[in-house]
Structures are given as C-alpha cells and as structure tokens.
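In: sharing a model that was predicted from the sequence below.
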Amino acid sequence: MPFRIVGLILFLLTFVSAGFGQERLDITQWHEEHPVAQEDENQDRRLRLGLYPRLGAVVGVPNGLAGAFQVSLSLQRPQSYSLYVGAGYEYGAVIEGGNLTLGWGGVREAPAAVRQHGFSGAFLRYRTWDSDEHGRHHGLSVGVESGLGALGLMMELGVARSDRNHWIPVARLSISVGHAWLWKK
C-alpha cells in the first residue's frame, strides 16, 4: 500500500514538472497563426428586420398557470446593434393584461447544418394587469428570452403596483411555440 501512494505521488510530481518545464504559450499569437474561423471580408452590412410571434404557457407568480401571446419586431445592423420592440397579452385565472417590451437582441441567423433563424435577447417590460379584487396594476420587469426552431424559453422578474397600493411580485417562466423570420434590406 505505501508503495502505491509513493508511486502515485512520484507520477503526479513528474507530470506537473513536465508541464512547468515547457515554454509558455502565447494565446494571441497562437490564434493569429491558427485561425479557427475566417472572417468574411465581404460581410453583409445591410439592415435586417426580424419578426418573432409566439404562443405559450406561463408558469409563475401571479397567475400560477396562464396562456400568453407575444410578438416581437427586431431591427439589426450587423457588427453594430440589434434592438427589438414587442407587445403581448396574457390570460390567467387570477389576472389578465397586456405588455410592451423594449429589448436588446432579436432575430438572428442560427449557425446550423440547415439554414434557420433563432431569437435571443434581454428585455425591459412594462405591463398592465387587471384584477377584480385590487384594480389595475402597472409594473416593470426584466428578463431574458431565447428561441430556436419552433421552441422558445423566457424568464422574467419584476413587480407591479395597483392604484390601491396593492403590490404583485412577478416571477415567471414561459415555454412557447413560434417562428422567426428575417429580412435583409
């Protein structure tokens, strides 16, 4: 047993010392000598307009389980910016209402064997919810969403307040079905 432990320690010391004995690798120089991906010099710089409608189910506070429809319109200038605006409606057992979204991201071409479009972004969302017990609520939330192919996922956190000073926390997860279109101008 002690011979095995001594042998293991000698092996580890030999392995570590061999690694430190080598010349240090300059990562920048290695990437210049071995380019992993060549950038296309004739890259398309036209504006791109994207549309991403989706229908989904929302789980979380305040509704528990609800249905939602959301549509986003994105404007992208490659190598510069990509913004999107959106609007939606949610119907649940407790409350229902609409929302307006402003986000960073949008519809993009997804690298894959088959040409397809995806959607990703981070957003700030303003919403209004109507409640029978506490009146109309106005709220803000932040979140992220992503979609590829037909499936999408959204996570959101925020808060809403009514005219009667009633507060509703917002913590939601949504799974949706949609399709992304992208047009180059």
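Out: Sure, I can see it. Residues are numbered from 1 along each chain as shown.
In: quick one: the strands in this protein?
Out: Remark: strands of the chain, listed N- to C-terminal, are 48-61, 64-77, 81-92, 96-110, 116-131, 135-148, 151-162, 167-178, 181-184; assignment by DSSP state E.
In: so for stretch 85-96, mean pLDDT?
Out: Stretch 85-96 shows a mean pLDDT of 93.
In: also stretch 133-146?
Out: pLDDT averaged over stretch 133-146 gives 93.
In: what do you get for stretch 159-174?
Out: 92.
In: report the buried residues of that stretch.
Out: In terms of neighbour count (16 or more other CB atoms under 10 Å), stretch 159-174 has its buried residues at 160, 162, 168, 170, 172, 174. For every residue, glycine as well, the C-beta is placed using N, CA and C.
In: could you export it as CSV, CA atoms only?
Out: Output in CSV follows, covering the C-alpha atoms of stretch 159-174 (Å, rounded to 0.1, in the frame of the first residue of the first chain):
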residue,chain,number,x,y,z
VAL,A,159,-43.1,43.9,-9.6
ALA,A,160,-46.5,45.6,-10.3
ARG,A,161,-48.5,48.0,-8.2
SER,A,162,-52.1,49.0,-8.3
ASP,A,163,-53.8,52.3,-7.8
ARG,A,164,-55.0,51.0,-4.5
ASN,A,165,-51.3,50.4,-3.4
HIS,A,166,-51.5,46.6,-3.8
TRP,A,167,-48.2,45.0,-4.9
ILE,A,168,-47.8,41.9,-7.1
PRO,A,169,-44.4,40.2,-7.4
VAL,A,170,-43.6,38.9,-10.9
ALA,A,171,-41.5,35.7,-11.3
ARG,A,172,-42.3,33.8,-14.4
LEU,A,173,-41.0,31.1,-16.7
SER,A,174,-42.6,30.6,-20.2
